[in-house]
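Colleague: Need a 3D model of the following:
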Amino acid sequence: MQKFQNSRQNAKYIQKGDKYEELVAKYYRDQGYIVFKNSLLGQQDGGLDLIAFHQNHTLLIQCKNYTQNTQFKLKKENMEMIIKNLDEFKKNHLFYPHSNYEVKFMLVVSSPCVEFETFKAYNKKRIEIIELPISDNGEFIDTEKTKKNKIQT
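Modeller: All right, here's what the predicted structure looks like:
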């Protein structure tokens, strides 16, 4: 019985994560990006959820959908693992059409789940961290913060 409950709980989290990835993909498509989901159903994505292309740059995006009241905080070691996975994908799977082609690592979170010191140490250095909060019904909350986070294309 416990195994069945754990399986149902995992399916719920996967569905919640997939929904957030769809919203983030739409967010970038609305800004003119061509966006692809990295993983296929039932396969590991290696920590990379979305790949977004626009003109002369590519975004490698990891999405994290945590509730607003989460006690979990991403720490330095979590960030290192995310960057390692994105860097590995970049080295092994991307072709660059010319030398001034830019690849950015992005961490998109639904709530403030990154430890403050970790945020200060990493944001806009090795990875860009943005918060795109969602409501209980699964839609983006259109806040000033969200508007400021929009990438200029």
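Colleague: Sketch out the strands for this structure, chain order is fine.
Modeller: 34-37, 50-54, 57-64, 102-109, 128-131 (DSSP state E).
Colleague: Among the ones you listed, which comes closest to Phe95?
Modeller: Across the strands of the chain, Phe95 has its closest neighbour in strand 57-64 (10.2 Å, Cβ to Cβ). C-beta: built from backbone N, CA, C; applies to glycine.
Colleague: got the buried residues for that closest one?
Modeller: Counting neighbours by 16 or more other Cβ atoms under 10 Å, one finds that the buried residues in strand 57-64 are 58-64.
Colleague: Please apply the same query to stretch 83-99.
Modeller: Applying a neighbour-count criterion of 16+ other Cβ under 10 Å, the buried positions in stretch 83-99 are 83, 85-86, 89.
Colleague: what about the residue nearest to Glu115 when sequence neighbours are not counted, how many neighbours?
Modeller: Using Cβ to Cβ, 6 or more residues apart in numbering and skipping the chain neighbours, the partner closest in space to Glu115 is Lys73 (4.5 Å). Here the count is done by other Cβ atoms under 10 Å, and Lys73 has 14 residues near it.
Colleague: Where does pLDDT dip in this structure?
Modeller: Residue ranges of the chain with pLDDT under 70: 1-14, 39-46, 96-99, 136-138, 142-153.
Colleague: burial count for Glu80?
Modeller: Glu80 is flanked by 13 other residues according to other Cβ under 10 Å.
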